[in-house]
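> Take a look and give me a structure for this.
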Amino acid sequence: MQCKHYADSTVSKLCSVLKNDELPKIIKLKPKRYLLFTSLKLMPANKKAIVKALDDNILVNDIWGREELNDEISKYSAVEKRNYKLWFKSIEVLEHIINKKYVNKAQMSLNRIKPKITYYVEQDIFNTAYSILQNQNILVIKGNPGVGKSMLANALTLRYLLEGHEYYEIQSIDEFYQLYEQDSDRKQIFFFDDFLGQTEINSNFSSTFCKNMDDIYEDRRLSPHGSKKFILTTRNYILNSAKELSSENHGIFDNKFIIELELQDDARNCAIFAKRLKYEKINCEEIIKGEKYMSIINHKNFTPRIIDIILCRYKNEDNIVEKLMQALDNPEDIWKNSVEALDRNAESLIYILLLYNYGVSLKQLRDDYDNYNLVRANHYRYEIIDNAFNKVLKEMDGSFININATDNEVKYINPSLEDYIKNKVDSTFSQNEFVMLLKSIRTYNATINLLEKVNIKDKLIKYKGLEELIIEIVQDEFSKKLDNAQMAIDKLERLTWSLVTENKVIFRIAVTSEYTYSENIMNLISKVIIDILHQNIECEQQFKVLEIIKMCINGNLISIEVQKQIYELFCFNILNRIKEMDEYDCIDDLYIALYCHVCLQFDFKENNDLDERVRQEILKRKDGNIYHLFTVYDENAISYIENIGDHFGIDVSDSVRDFKEGYQDYMEMLDDCRDDYDYYDRREAAKYSANYKEPLKEIFQGILKDNLDS
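Have a look, this model is predicted:
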């Protein structure tokens, strides 16, 4: 076997070397077969020249050039990835390297999942969930905290890995788009845990987010091969809040692929508890004695998460039953004693993590921690230990925080810990403590996260120092030269959202007017809105700003005087658009719809020039039909159409009729999408089919005696 690189050489030089150097060796060794491999590109004529140079001591089929080598290497991707010279110009492996962060992250996730599956108790709902994924390609698992949503998703993931799917755990829609492959032969499964937010609705939840989810929803419906699977999880109250906040009936809320995971019956709880004890190799004599496990599995607060936390934390202690009962009686105390036992240096880390969503890089956390810990040390007069950040990080890893080695990100070890820290900060922090926390990071995102997660909005009137700091940070952000108007609009939406939605410890509901803000806050919001409207923004962007303004009005963030100024700005922008057109041009439907919505929002304040021009444009449509200006998802559109008819003095009866027909067609389309089989009856049956006939005692002791894998 002879290998010749010769990548930048010629066939004639290769033939010369073969004839002068290699042929004498062949004659001397007299091999039964001689194979030649070269990185040169070889045509059939080139191979014949090589055979001639070697005096017919080689067959044509035993000569491999660049094409044959690449074709063979592509069959063994593992070899290709281990040898960088092979993949340097390979598109497939280059894509792998570009997405290495996600591939490594997925591998680490799988390494974390696999041990847990050994104590997973398969539920009847698993088969229902698997059936939905098979038929619909998308599955939303909803349920209360700690009932096992992620565990069910993990079990489904491993099932699809056995079927040849690639696994990706994502944290945003952008990551999904980056990793998604159009190739129908490439099997992929994506897992988006807490896709609407961990403990409250993520601030990224918006009409854009919903439309992106709708695109994914449509894509999976149109995917006949079923090679892509998408699993999402969310808490019940977060999904309900999202529905309240969404003005349209988005596909992601379609019940046909939403499954609710509820607490299981006593038999399932018994199996979960026994398997977990077996896995942790805990001495169960005390638990079996007097059947103490019965009081645990029958407890009203039993959840797999509580069992998991307590057994991990106290598995080496003798009083495990006592610890379990204390946690079940007072779930909120699971973290209380541990957090209160932290020293000041560690407290700084646990508090500052609250200001990030989905974790923070080690580098960023180090800088912010050092700033915050120094400020707190000066205020509370405690000593900063040597190498504080690294020591605290090491002590807390695995007990309070998780450190992702792939992308060097840190986050709370469990959503329940974040819940506890939010409650603690909300109920115990003074204005000085809030200012110290926010001033240490001093970023726009940290400010918004604080407003969203902690109930401080009702305190801003009296917390003048905190209010001034927040205003200063926001002003600095909007005074920057943002890349484009859309970025400014997105930031404005998030700011408004954080001010006008209600925080109730761990969840949020729709827009509220219960908060009272100072003129400084109101002037800040008004200025940002007006500055954006003064820019040359597209009609679709003006619609977005109008949605934000509606939130501001409902949340008492904009005065009547400012509303009038905003109304005039909208009219000015639309009039300018009309003046750019020839007299024979039709105004774009979007601008007519925008003006109609503006009129509805601002109580039909008069603008005679615009009114008449828009009225004429509407009448140009067949029978003055305007129903198409409103989305077919919006049930309130009929009242909008009727109000516009009154305002412009036109007959809209045909528009109302056509809209009703369109809305009916839409609802029928949704019904047609649902499977013919009686899906809901099957789901209900799955909830109640898990009753074991064996007594709980036999289940519990039987699992402890058997091999765990069985």
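
> Can you report how many residues lie near Glu163?
Residues near Glu163, counting by other C-beta atoms under 10 Å, number 9. Where C-beta positions appear, they are placed from N, C-alpha and C, glycine not excepted.

> Quick one, grab the pLDDT at it.
Note on Glu163: pLDDT of 78.

> Work out for me the element the closest residue to Ile27 other than its chain neighbours sits within.
Using C-beta to C-beta, 6 or more residues apart in numbering and skipping the chain neighbours, the partner closest in space to Ile27 is Asn57 (7.8 Å). Using DSSP states H and E, Asn57 sits in no helix or strand.

> Quick check: Asn57 vs Met1, distance?
14 Å (C-beta to C-beta, to the nearest Å).

> now swap in Ile421 and tell me
From Ile421 to Met1 the distance is 64 Å (C-beta to C-beta).

> between those two, who's got more neighbours?
Each of Ile421 and Met1 has its neighbours counted (other C-beta under 10 Å); Ile421 has more, 20 against 9.

> Point out where the stretch 51-200 of the chain drops to low pLDDT.
74-110, 112-124, 198-200 (pLDDT under 70).

> Can you show me the strands along it?
All strands of the stretch 51-200 of the chain, identified by DSSP state E, counting those that start in this stretch, fall at 63-64, 138-143, 166-169, 188-192.

> Now tabulate those strands in JSON lines and tack on mean neighbour count and distance to Val410.
Putting those into JSON lines (neighbours: other C-beta atoms under 10 Å; distance: least, C-beta to C-beta, whole Å) gives the following:
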{"stretch": "strand 63-64", "mean neighbour count": "19", "distance to Val410": "50"}
{"stretch": "strand 138-143", "mean neighbour count": "23", "distance to Val410": "26"}
{"stretch": "strand 166-169", "mean neighbour count": "20", "distance to Val410": "17"}
{"stretch": "strand 188-192", "mean neighbour count": "22", "distance to Val410": "20"}
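
> Which positions within whatever helix or strand Lys544 lives in qualify as buried?
Assigned by DSSP H and E, Lys544 belongs to helix 539-554. Judged by neighbour count (16 or more other C-beta atoms under 10 Å), helix 539-554 contains these buried residues: 541-542, 544-553.

> Contacts for it, please.
For helix 539-554, the external contacting residues (C-beta atoms under 8 Å, 6 or more residues apart in numbering) are 207, 485-486, 489, 492-493, 496-497, 500, 511, 513, 525, 529, 532-533, 537, 557-558, 563, 566, 570, 573, 577, 588, 590-591, 594, 597-598, 601.

> Recalculate using a threshold of 6 Å.
489, 492-493, 496, 500, 511, 532, 558, 590-591, 594 (C-beta atoms under 6 Å, 6 or more residues apart in numbering).

> next one: phi and psi at the closest residue to Lys315 other than its chain neighbours?
The shortest distance from Lys315 to any residue that is not its chain neighbour, by C-beta to C-beta, 6+ apart, is 4.7 Å, and that residue is Glu280. Note on Glu280: backbone dihedrals following degrees, to the nearest 10 are phi -80, psi 0.

> Quick one: the helices in the stretch 351-500 of the chain, in order.
362-380, 388-396, 415-428, 431-441, 444-453, 464-479, 485-500 (DSSP state H, counting those that start in this stretch).

> Which one of the ones you listed lies nearest to Glu317?
helix 388-396 (19.3 Å; C-beta to C-beta).

> and that closest one, what other elements does it pack with?
helix 344-352 (3 or more C-beta pairs under 6 Å, 6 or more residues apart in numbering; DSSP states H and E).

> Could you check how far Leu35 is from Ser9?
20 Å.

> where does the stretch 401-550 of the chain dip in pLDDT?
For the stretch 401-550 of the chain, the ranges with pLDDT under 70 are 405-406, 481-483, 502-513.

> Which of the three states applies to Lys300?
coil (DSSP: H, G, I helix; E, B strand; the rest coil).

> Quick check: phi and psi at it.
phi -60, psi -20.

> tally of neighbours for it?
Lys300 has 7 neighbouring residues, counting by other C-beta under 10 Å.

> cool, and the one 4 residues further on?
Neighbourhood size, Pro304 [other C-beta under 10 Å]: 23.

> Asp21 too?
9.

> Which pLDDT value goes with it?
86.

> Confirm that it lies within a helix, as I assumed.
Yes: the assignment for Asp21 by three-state DSSP puts it in a helix.

> Next one: it from Val11, what distance?
For Asp21, the distance to Val11 - C-beta to C-beta - is 16 Å.

> same check, this time on Lys28
For Lys28 relative to Val11 (C-beta to C-beta), the value is 25 Å.

> who has more neighbours, these two?
Neighbours of Lys28 and Val11, each counted by other C-beta under 10 Å, are more numerous for Val11; the result is 20 against 7.

> Spit out the contact partners of the more buried one.
Asn46.

> Please shift the residue numbers so they start at 17 in all later answers.
All right, first residue 17 from here; so that's Val27.

> Just the element for Ile325, please.
Assigned by DSSP H and E, Ile325 belongs to helix 320-330.

> hmm, back to that, need the next SSE after the helix holding Lys560, C-terminal direction.
Downstream of helix 555-570, the next assigned helix or strand under DSSP H and E is helix 576-595.

> Output the contacting helices and strands for that following helix.
Counting by 3+ C-beta pairs under 6 Å, 6+ apart, helix 576-595 packs on helix 605-617.

> Could you check the angle the helix it packs on makes with helix 576-595?
160 degrees (axes from the mean of the first three to the mean of the last three C-alpha atoms, to 10 degrees).

> Off-centre distance for helix 605-617?
33 Å (C-alpha atoms, centre = their mean, to the nearest Å).

> coming back round to it: now the buried residues of helix 555-570 as CSV including distance to Ala357?
Below are the buried residues of helix 555-570 laid out as CSV (distance: C-beta to C-beta, whole Å):
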residue, distance to Ala357
Gln557, 51
Gln558, 54
Lys560, 48
Val561, 49
Leu562, 51
Glu563, 47
Ile564, 44
Ile565, 48
Lys566, 47
Met567, 42
Cys568, 44
Ile569, 48
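
> picking that back up, please report the number of neighbouring residues for the residue nearest to Lys331.
Count around Glu296 with other C-beta under 10 Å applied: 15.

> was I right about it contacting Leu327?
Yes: contact criterion C-beta atoms under 6 Å: Glu296 and Leu327 qualify, at 5.3 Å.

> Let me see the backbone angles for Leu248.
Backbone torsions for Leu248, taken as degrees, to the nearest 10, come to phi -130, psi 150.

> can you count the residues close to it?
Neighbour tally, Leu248, other C-beta under 10 Å: 25.

> For Lys203, see how far away it is.
Distance, Leu248 to Lys203, by C-beta to C-beta: 18 Å.

> cool, Met167 as well?
From Met167 to Lys203 the distance is 23 Å (C-beta to C-beta).

> With Arg673 instead?
From Arg673 across to Lys203, the span is 48 Å (C-beta to C-beta).

> Of these two, give the one with the bigger neighbour count.
Neighbour totals were compared for Arg673 and Lys203, and Lys203 leads with 19 against 12 (other C-beta under 10 Å).

> Can you tell me the number of residues neighbouring the nearest residue to the more buried one once chain neighbours are set aside?
The shortest distance from Lys203 to any non-neighbouring residue, by C-beta to C-beta, 6+ apart, is to His181 (4.2 Å). Residues contacting His181 under the criterion other C-beta under 10 Å number 18.

> and His181, backbone torsions?
phi -80, psi 150.

> rewinding a little: now, of the contacts of helix 555-570, which are buried?
Buried among these (16+ other C-beta under 10 Å): 505, 508-509, 512, 516, 527, 548, 574, 607, 610.

> tell me the contacts of Asn160?
Contacts of Asn160 (C-beta under 6 Å, 6+ apart): Asn252.

> Return the distance of Asp87 relative to Trp80.
As judged by C-beta to C-beta, Asp87 and Trp80 stand 9 Å apart.

> So Tyr436 sits against Ile350, correct?
No: judged on C-beta under 6 Å, Tyr436 makes no contact with Ile350 at a distance of 7.6 Å.

> quick check: domain ranges of the protein?
For the chain, automatic domain parsing gives the domain ranges 18-110, 115-276, 351-457.
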